[in-house]
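J.: based on what follows, work out the 3D shape:
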Amino acid sequence: MKLPTTYSEQETTANELWGQFTQNNEEVFWQQYESLIELQAAKIVYTNLPKISTISPQVFHYLMFPYRTRLNFFLAIMTVIGLFSFQIYTDPSFLESFVQIAIIVSLLLMAKHLWVFSIYDINDRRLTITRNLSLKSTFFEWERIRAMTIYKNGLGKNAETQLSILLITNKVHYFKYPLFGNDHLTFLKILGQKKIDVDSKI
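T.: Predicted coordinates for the structure are as follows:
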């Protein structure tokens, strides 16, 4: 048994136009028919457009102090370390005091903590990671990233969290990972929207 043929709305309209076609209304017919074709073509183009996941620009960081405050503290600490170094150079017995040695070591650790940090800047095109007080930035276009791994670099609660980025060129970049809690979850969600393969071990 032959099933009844179903037509789309555009096909039905086209058949009706052809049924009304005569040589007397030829010009009007072609105007209407061309309009119908243009409408159908516009619908096809619109429905076949790829779905693009847009990302709102966001900045992620985990800084105890703003950048300028960190920079001022760092410069002050380095000035004190410089004065201590000059004192040691002129008077070697200066290092005989345990308290003075502890102060110098503490200042060096504070300087390192202030210097080393990472800021993650995300937009729809790329991920930008800015490191250290030197504000050195590295850019990664989303389509050039093959995979990411987030992991603890060491054992214990104080182990530093790291991020490795594997590019399509097989080159790997390593960064300090400063995101925790909701920021971490938001970052993972963005990577999912960008179809980035992520192995999170935290």
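J.: can you name the element that comes right after the helix ranked longest in the chain?
T.: In the chain, with assignment by DSSP state H, the single longest helix is helix 67-90. Using DSSP states H and E, the helix or strand that follows helix 67-90 in sequence is helix 98-115.
J.: need the contact partners of that next one.
T.: 65, 70, 73-74, 77-78, 80-81, 84, 94-95, 132-133 (Cβ atoms under 8 Å, 6 or more residues apart in numbering). The C-beta positions use only the backbone N, C-alpha and C, and glycine is treated the same way.
J.: out of these, which are buried?
T.: 70, 74, 77, 81, 84, 94 (16 or more other Cβ atoms under 10 Å).
J.: closest to Thr149 out of those residues?
T.: Nearest to Thr149 among the buried ones among the contacts of helix 98-115 is Arg70, at 27.9 Å by Cβ to Cβ.
J.: in this protein, which spans are strands?
T.: Applying DSSP state E to the chain gives strands spanning 58-61, 118-122, 126-131, 136-141, 145-153, 160-167, 172-176, 197-200.
J.: where does pLDDT dip in this protein?
T.: Residues of the chain meeting the criterion pLDDT under 70: 1-53, 62, 92, 94-98.
J.: quick one: Phe73 and Leu63 touch, right?
T.: No - with contacts counted by Cβ atoms under 8 Å, Phe73 stays clear of Leu63, the gap being 11.8 Å.
J.: identify all contacting residues around the longest helix of the chain.
T.: 63, 65, 94-95, 100, 103-104, 107-108, 110-111, 114-115, 117, 133.
J.: show me which of the residues you listed are buried.
T.: 94, 104, 107, 111, 114-115, 117.
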